[in-house]
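Novice: Provided below are the primary sequence and the corresponding predicted coordinates.
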Amino acid sequence: MNRPTPLLLLLSVMSIALLAGGCAPFAPGNRDAAPQTLPAHYSLYSPQGEACGQWWQRFNSPQLDTLVDKALADGFTLRQYWAKLEQAQAVARKSGAALMPSLNATGDAGHTRSWSKTPTAGADTLSLSDSFGLGLAASYELDLWGRLRATAHSGILDAQGSREDLNTAAITVAGEVSEAWLDLLSTRQQIRLVHSQIATNEQILNVQNLLFSASQASALDVLQQREALAATRSLLPTLHVQVRTLLNKLAVLTGQAPGTLHLDGDGGLPMLPAFPETGLPADLLAARPDIRSAGLSLSSADWLVAAARADRLPNLTLSASGQYTGSTLASLFDAWSLNLASSLVFPLLDGGTRAAEVDRTRALADERLAAYEETVFTAIQEVEDALSTEAGQQEYLQALNTQLAAARQALGEARRRYLNGVDDYLSMLNALTGVQQLERTLVQEQADLLKNRIALYRALGGDWTDRLTPPGISTNDTSRNHS
């Protein structure tokens with residue numbers, strides 16, 4: 001009859017251990033997905049609108065599309081979050097490894113040399129002996145109360161939360177790139193406007209010089225116009241610095257060295273896209289990755305509480321080892337032995353360590369519950385603020401346009417009165433300065449309206465981040481699982 005080998009017996013023990021799964025009496029219950037006081041709708045709620053999706057494409061700029069795509073693929077921020085995700089996934093696999101038996105191979109070899117003196121013969125005797133051994137050792141902790149499974153489940157939730165953190169960072173990066181791009185367009189448009197205003201002021205100065213030569217203007221009129229021209233020219237250095245700093249910012253956001261990014265284009269600011277679909281506050285629970293991350297973090301803490309409670313109960317470990325031994329390699333497999341053992345550990349006195357851990361994990365869960373609720377209400381606040389700001393900014397821009405139209409009419413009247421000798425040049429100069437300041441302010445405020453729309457897109461979240469892939473892996477590559 002064939003004798004069972006140690007390997008066969010060890011595998012049998014491991015199979016029995018895997019079938020002896022424990023229960024999970026401390027598994028946490030399901031929490032409500034939303035705080036009880038969640039508002040039913042936004043104060044400026046509109047049921048109509050377009051889905052956000054990859055919202056930066058709504059500005060219809062291939063240049064912006066390229067910048068955002070590069071920032072998401074090569075930017076330093078996303079690369080760090082991909083690395084953090086890999087760390088979290090590795091920790092989750094490590095936590096789950098405790099649910100499986102461990103199996104180790106052992107091997108040893110010995111050589112003994114000894115001398116002994118025979119009293120009668122008066123001679124030394126040399127004795128040589130060799131020994132060889134090969135074996136396997138397995139151990140498995142029975143998860144009687146679900147402690148190991150709770151710890152493993154907490155690790156899985158942390159890894160999922162890490163992916164949501166990456167999604168949150170992607171939304172932030174896309175927003176930062178888009179805002180910097182808009183600032184760049186706004187600054188360049190202001191530069192073009194300032195150049196136009198400089199040309200206007202130079203023409204007026206030439207006229208003032210001619211009038212002064214004909215004794216129809218005073219020296220004060222000429223000096224005041226020179227001051228206005230110098231004040232307008234002084235705006236250019238600061239604006240050019242802003243262009244360079246914005247290009248450097250975009251370079252770093254897209255993973256490039258500062259000073260190496262050059263963006264062409266003399267176009268103005270884009271049109272405001274169609275208003276997005278805001279949905280309801282409850283929709284943010286699924287649309288915002290930071291809320292999903294906070295919810296996963298809370299669930300992870302609940303499972304840590306379950307693990308800490310289960311750790312206060314006894315744990316049972318099964319172990320088995322088998323070994324072949326022999327005095328020569330040829331006889332190594334002639335003799336084998338098998339040892340089976342089990343150990344039960346029942347915590348009696350630990351100075352309150354395990355009880356304190358239960359209290360700590362419960363307090364951690366309370367902390368994360370408060371953080372989750374804060375994240376939810378902060379998200380709603382961001383949408384409310386963006387909606388309110390956009391409505392106010394639209395009204396402000398209308399008022400600015402009305403003010404600019406009135407200022408231009410006042411400038412025309414002041415010019416006529418000055419040329420007719422009714423008023424002095426200061427009235428016309430003040431009107432001119434007011435018009436030029438309003439023109440520059442209007443460009444800045446138009447950019448702020450567009451940037452506020454970006455803030456609304458960011459506040460509404462979206463699921464486009466779920467399609468992001470790690471650097472160097474295309475969206476069609478399914479060889480690696482990063483879920």
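Specialist: Sure thing, it's come through.
Novice: Reduced to three states, what does the residue lying closest to residue 466 once chain neighbours are set aside come out as?
Specialist: Nearest in space to residue 466, with sequence neighbours left out and distances taken as Cβ to Cβ, 6 or more residues apart in numbering, is residue 167 at 7.0 Å. For every residue, glycine as well, the C-beta is placed using N, CA and C. Taken by DSSP: H, G, I helix; E, B strand; the rest coil, the conformation at residue 167 corresponds to helix.
Novice: Report the contact partners of residue 167.
Specialist: Residues counted as contacts of residue 167 (Cβ atoms under 8 Å, 6 or more residues apart in numbering) are 289, 465, 466, 468.
Novice: Could I get the full set of helices for the stretch 51-200 of the chain?
Specialist: 62-74, 76-97, 147-213 (DSSP state H, counting those that start in this stretch).
Novice: Using CSV, list the CA coordinates for the shortest one.
Specialist: Just to be clear, that refers to helix 62-74. Output in CSV follows, covering the C-alpha atoms of helix 62-74 (Å, rounded to 0.1, in the frame of the first residue of the first chain):
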residue,chain,number,x,y,z
PRO,A,62,-7.9,72.2,-29.1
GLN,A,63,-5.1,74.0,-27.1
LEU,A,64,-7.0,73.6,-23.8
ASP,A,65,-7.9,70.0,-24.6
THR,A,66,-4.2,69.2,-25.2
LEU,A,67,-3.1,70.9,-22.0
VAL,A,68,-5.7,69.1,-19.8
ASP,A,69,-4.9,65.7,-21.5
LYS,A,70,-1.2,66.2,-20.9
ALA,A,71,-1.7,67.2,-17.3
LEU,A,72,-3.9,64.2,-16.6
ALA,A,73,-1.4,61.8,-18.3
ASP,A,74,2.0,63.3,-17.4
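Novice: Quick one: low-confidence residue ranges for the stretch 201-350 of the chain.
Specialist: For the stretch 201-350 of the chain, applying pLDDT under 70 flags the ranges 326-336.
Novice: those strands in it, which residues are they?
Specialist: Remark: strands assigned in the stretch 201-350 of the chain by DSSP state E, counting those that start in this stretch are 315-326, 335-345.
Novice: Same question for residue 43, what's its three-state structure.
Specialist: Assignment for residue 43 (three-state DSSP): coil.
Novice: correct me, but it touches residue 384?
Specialist: Yes. Contact criterion Cβ atoms under 8 Å: residue 43 and residue 384 qualify, at 6.3 Å.
Novice: With neighbour numbers in mind, choose between those two.
Specialist: Legend: neighbour count by other Cβ atoms under 10 Å for residue 43 and residue 384, higher for residue 384 (16 against 9).
Novice: Please name the residues that touch that one.
Specialist: Going by Cβ under 8 Å, 6+ apart, residue 384 touches 42, 43, 44.
Novice: Which pLDDT value belongs to it?
Specialist: Here the pLDDT value assigned to residue 384 is 95.
Novice: Could you do residue 150 as well?
Specialist: Looking at residue 150, the pLDDT reads 92.
Novice: can you tell me which residues contact it?
Specialist: Residue 150 is in contact with 24, 26, 27, 303, 304, 306, 307, 310, counting by Cβ under 8 Å, 6+ apart.
Novice: Let's see which of these end up in helices.
Specialist: Among the contacts of residue 150, the residues falling in helices (DSSP state H) are 303, 304, 306, 307, 310.
Novice: Quick one: the residues you listed as a markdown table, columns for neighbour count too.
Specialist: Formatted as a markdown table, the ones in helices among the contacts of residue 150 follow (neighbours: other Cβ atoms under 10 Å):
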| residue | neighbour count |
| --- | --- |
| 303 | 25 |
| 304 | 26 |
| 306 | 24 |
| 307 | 23 |
| 310 | 26 |
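Novice: separation between the residue nearest the centre of the chain and residue 79?
Specialist: Geometric centre of the chain, nearest residue: residue 169, 2.4 Å, by Cα atoms, centre = their mean. For residue 169, the distance to residue 79 equals 10 Å [Cβ to Cβ, to the nearest Å].
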